[in-house]
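In: Got a predicted model here, sequence first, then my questions.
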Amino acid sequence: MNILFSINQKFISLTKLCISSMIRFDTDFTFYILHHDLSYESQREIIDSFPSQQFHFIFVTEESFSSFPVSNRYPLEIYYRLFASNLLPNTLDRVLYMDVDIVVINSLRNLYYTDFEDNAYCACTHVNEGLTKFNSRRLKIENTVPYINTGVLLMNLEKLRKIVNSTEILEFVNKNKNRMILFDQDVLTALYGNKTKILDYRLYNLSDRMLSLYNIKHPNEKIDIEWIRKNSVIIHYCGRNKPWKENYMGSLGIFYSELVQ
């Protein structure tokens, strides 16, 4: 299974933690890591921590993305995933991208081999119908296009090589930068949201916020930690509420705590 990360020097520890969580269930991984600042020592640290795994570090020049808006919360690396089909070897047909603020709690195999059904991506949405329509108006796209959470993306690289257009992406960013909120998610939703197969977030992109919202909306069908242990695969500590930070609030932190014990 091909796994993709896009990180900078600050995320070495989280990357190692994410990898540790997934190799508990599967071992046949090849990791591709897009970066612009990882030192040789940092690369060796990752490689030496997992001697049975294969790693490929792909350097990306900062100049290639100088036109993209960034912030403290959204660094340059968030955009690399948009161009993964151009940055990764042409021999790959699919890759699973994941943010590193993730803990895997079951095998990734079913997710990885999901049928694309001719879509460019398989991913989840974390917004309801009302917010979908709001984002559609904001981005000036059809209101039926789902707003994509880019923290977990199964990529159909063969299809993406045919449709990803760097000029189109840059033009969209420059035209819409003043109305963009979640930069890379806005781009991917606007340009490729209608080419994305939507998966069940409860299984493949579960956050504390989405768990709470689901249980509020389905009071007679609430899901608890035991249901999650049995059914969910990816716990995503997205946003600012993370169990390794002070003032964390949520029940899903148990999976992080169990991993670091």
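Out: That came through fine.
In: just the helices in the stretch 51-200 of the chain please.
Out: 84-87, 109-112, 129-139, 157-163, 166-176, 183-192 (DSSP state H, counting those that start in this stretch).
In: buried ones in the fifth one?
Out: Put plainly, it is helix 166-176. 169, 172-173, 176 (16 or more other Cβ atoms under 10 Å). C-beta: built from backbone N, CA, C; applies to glycine.
In: Just the C-alphas of it, formatted as PDB.
Out: What follows is helix 166-176, C-alpha atoms only, in PDB (Å, rounded to 0.1, in the frame of the first residue of the first chain):
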ATOM      1  CA  SER A 166      -1.400  23.600 -12.500                       C
ATOM      2  CA  THR A 167      -2.400  26.700 -14.400                       C
ATOM      3  CA  GLU A 168      -6.100  26.100 -13.600                       C
ATOM      4  CA  ILE A 169      -5.300  25.700  -9.900                       C
ATOM      5  CA  LEU A 170      -3.100  28.900  -9.700                       C
ATOM      6  CA  GLU A 171      -5.800  30.900 -11.500                       C
ATOM      7  CA  PHE A 172      -8.400  29.700  -9.100                       C
ATOM      8  CA  VAL A 173      -6.300  30.600  -6.100                       C
ATOM      9  CA  ASN A 174      -5.400  34.100  -7.400                       C
ATOM     10  CA  LYS A 175      -9.000  34.800  -8.400                       C
ATOM     11  CA  ASN A 176     -10.500  33.600  -5.100                       C
END
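In: Identify the residues contacting the residue nearest to Ala190 when sequence neighbours are not counted.
Out: Once flanking residues are discounted, Ala190 sits nearest to Leu139: 4.6 Å by Cβ to Cβ, 6 or more residues apart in numbering. Going by Cβ atoms under 8 Å, 6 or more residues apart in numbering, Leu139 touches 176, 179, 186, 189-190.
In: Name the spans of the stretch 101-250 of the chain whose pLDDT lies under the cut-off.
Out: Low-confidence segments of the stretch 101-250 of the chain (pLDDT under 70): 131-132.
In: what phi and what psi does the backbone show at Asn165?
Out: Main-chain torsions, Asn165, degrees, to the nearest 10: phi -130, psi 110.
In: list the contacts for it?
Out: No contacts exist for Asn165 under Cβ under 8 Å, 6+ apart.
In: likewise Pro75?
Out: Asn8.
In: Can you tell me how far it is from His35?
Out: Applying Cβ to Cβ, to the nearest Å, the value for Pro75 to His35 is 11 Å.
In: Mind listing the shared neighbours of the two?
Out: What both Pro75 and His35 touch, as defined by Cβ under 8 Å, 6+ apart, is the set Asn8.
In: dump the residue contacts of Asp101.
Out: 14, 18, 151, 236-238, 242 are the contacts of Asp101 under Cβ under 8 Å, 6+ apart.
In: I'd guessed Ser107 sits against Ile234; true?
Out: No: here Ser107 lies out of contact with Ile234, judged by Cβ atoms under 8 Å, at a distance of 11.0 Å.
In: Would you mind telling me which of the two has the busier surroundings?
Out: Ile234 (26 against 14; other Cβ atoms under 10 Å).
In: and the more buried one, what are its phi and psi?
Out: Backbone phi and psi, for Ile234 under degrees, to the nearest 10, turn out to be phi -120, psi 120.
In: what are the bridge partners for it, then?
Out: Val104 (DSSP bridges).
In: do you know how far it is from Leu4?
Out: In terms of Cβ to Cβ, Ile234 sits 14 Å off from Leu4.
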